[in-house]
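Trainee: A structural model of the following input is requested.
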Amino acid sequence: MSDADPIVRHSPSSGPGSPDVWGLYEPVTGSIQYVLACPTTKQAALVDVVLDFDPKTARTTTDSAERVLALCDAEGLTPVRILDTHPHADHVMASAWLRERTGCPTTIGVKVKEIAALWREIYGLPDLDPSPHFDAFLEDGEQFRVGDLTVTTVLSPGHTLGSVSYFAGDAGLVHDTLMYPDAGSSRADFPGGSADDLWHSIRAILDRPGDTRLFVGHDYGRDARTEPAWEATVATHRAHNIHVRDGTRREAFVAMREARDATLALPDRMLHALQMNLRGGAVPAEPDGRRYLRIPLDRF
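Mentor: Modelled structure (predicted):
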């Protein structure tokens with residue numbers, strides 16, 4: 001699929017309190033960017049939007065984020081909030097750029113501050129602090145409004161210690177906790193991650209009503225299908241998710257997840273992305289006016 005023909009899908013509202021959700025697939029990192037919108041007021045939240053980054057040249061571009069804004073224009077939506085579910089390891093977040101472009105507040109879970117404490121030592125950056133770069137740090141259970149929608153923040157640790165999911169009506173944006181059912185679940189071996197925490201987060205998500213629409217953060221493709229996929233109901237996950245379908249035991253999941261994670265290489269953007277994402281996707285300028293990344297050697 002070419003850049004000129006991006007994959008965009010609309011999951012329509014089912015009625016009052018239920019959001020419209022658009023997913024925009026970013027093929028380079030397999031990321032899904034989301035627009036969650038109130039069908040009556042047309043106010044929208046922009047979720048996990050990607051700042052394009054080439055690790056070979058360390059160059060950033062804004063094509064993916066601009067597509068999200070173009071979709072809002074085309075659908076008559078007004079962005080009112082920028083959301084991230086966690087500081088991503090495989091792509092750079094566009095939150096800082098979007099805040100500058102739209103004036104909307106940026107939002108993430110409060111435990112991102114604990115994630116920053118872990119990476120502050122790894123990077124040797126004592127001033128690595130998310131506080132100046134996000135407008136709101138949400139607690140587990142904290143709610144906010146997007147038009148007539150009530151959105152609830154749910155702490156969903158495991159992939160990272162501070163991952164959050166966002167639920168509105170019959171829709172849940174569950175980031176990298178789950179993958180599409182034929183891919184199972186996401187890794188839990190990054191600093192602060194935990195396969196056991198991931199299990200409990202997934203079970204809490206799958207205890208929701210069976211018709212709840214779940215939207216995952218990534219699709220890296222499967223041999224059995226040619227198109228990316230990211231939306232499935234709770235009932236579908238419980239029946240078909242290869243890692244956590246009904247009948248799976250916690251001990252078996254944790255053993256599988258830890259064994260699988262031990263075989264995985266680091267994402268090729270991880271060491272670049274995290275020091276930016278803990279700042280909302282920005283890197284402060286140095287005294288010479290230029291921006292630089294810091295890469296720890298022999299740590300992974």
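Trainee: point out where the stretch 101-250 of the chain drops to low pLDDT.
Mentor: Nowhere does the stretch 101-250 of the chain drop to pLDDT under 70.
Trainee: which parts of it are helices?
Mentor: In the stretch 101-250 of the chain, the helices defined using DSSP state H, counting those that start in this stretch lie at 112-123, 195-206, 234-240, 250-261.
Trainee: need the winner for burial among those helices.
Mentor: helix 195-206 (a mean of 20; mean count of other Cβ atoms under 10 Å). Where you see a C-beta, it was placed from the backbone N, CA and C, and this is true even at glycine.
Trainee: okay, the angle between it and helix 250-261?
Mentor: Angle of helix 195-206 versus helix 250-261, following axes from the mean of the first three to the mean of the last three Cα atoms, to 10 degrees, is 120 degrees.
Trainee: show me what helix 195-206 is packed against.
Mentor: Applying 3 or more Cβ pairs under 8 Å, 6 or more residues apart in numbering; DSSP states H and E, we find helix 195-206 packed against strand 149-155, helix 234-240, helix 250-261.
Trainee: what's next to the last one, contact-wise?
Mentor: When contacts are defined by Cβ atoms under 8 Å, 6 or more residues apart in numbering, helix 250-261 is touched by residues Ser185, Arg187, Ala188, Asp189, Ala195, Asp196, Leu198, Trp199, His243, Val244.
Trainee: pull the most distant pair out of the residues you listed.
Mentor: Taking Cβ to Cβ as the measure, those span a maximum distance of 17.4 Å, between Asp189 and Val244.
Trainee: if I look at Leu266, how far off is Pro87?
Mentor: Note on Leu266: its distance to Pro87, by Cβ to Cβ, to the nearest Å, is 15 Å.
Trainee: ok, the residue lying closest to His175 once chain neighbours are set aside - contacts?
Mentor: With sequence-adjacent residues excluded and distances taken as Cβ to Cβ, 6 or more residues apart in numbering, His175 is closest to Thr85, at 3.5 Å. The contact partners of Thr85, taken as Cβ under 8 Å, 6+ apart, are Val47, Asp48, Ile108, Gly109, Ser163, Val164, Ser165, Tyr166, Leu173, His175, Asp176, Gly217.
Trainee: in strands, which of these fall?
Mentor: Val47, Ile108, Gly109, Val164, Ser165, Tyr166, Leu173 (DSSP state E).
Trainee: the second one and Phe137 touch, don't they?
Mentor: Yes. Contact status for Ile108 versus Phe137: in contact at 6.3 Å, counting by Cβ atoms under 8 Å.
Trainee: common neighbours of those two, please.
Mentor: In contact with both Ile108 and Phe137: Pro130, using Cβ under 8 Å, 6+ apart.
Trainee: the two: who's more crowded?
Mentor: More neighbours surround Ile108 than the other of Ile108 and Phe137, with 30 against 16 (other Cβ atoms under 10 Å).
Trainee: quick revisit: comparing Asp189 and Val244, which residue is more hemmed in?
Mentor: Applying other Cβ under 10 Å to Asp189 and Val244 shows that Val244 carries more neighbours, namely 23 against 15.
Trainee: tell me who's in contact with the residue nearest to the more buried one when sequence neighbours are not counted.
Mentor: Spatially, and ignoring its direct neighbours in sequence, Val244 is nearest to Ile202 (5.2 Å; Cβ to Cβ, 6+ apart). Residues in contact with Ile202 (Cβ under 8 Å, 6+ apart) are Gly158, Thr177, Leu178, Ser185, Val244.
Trainee: dump those to TSV, plus distance to Glu251.
Mentor: As requested, those are arranged in TSV below (distance: Cβ to Cβ, whole Å):
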residue	distance to Glu251
Gly158	16
Thr177	19
Leu178	19
Ser185	15
Val244	13
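Trainee: as JSON lines, the helices and strands packed on helix 195-206 with distance to Thr226 would be great.
Mentor: Formatted as JSON lines, these follow (distance: least, Cβ to Cβ, whole Å):
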{"stretch": "strand 149-155", "distance to Thr226": "33"}
{"stretch": "helix 234-240", "distance to Thr226": "19"}
{"stretch": "helix 250-261", "distance to Thr226": "24"}
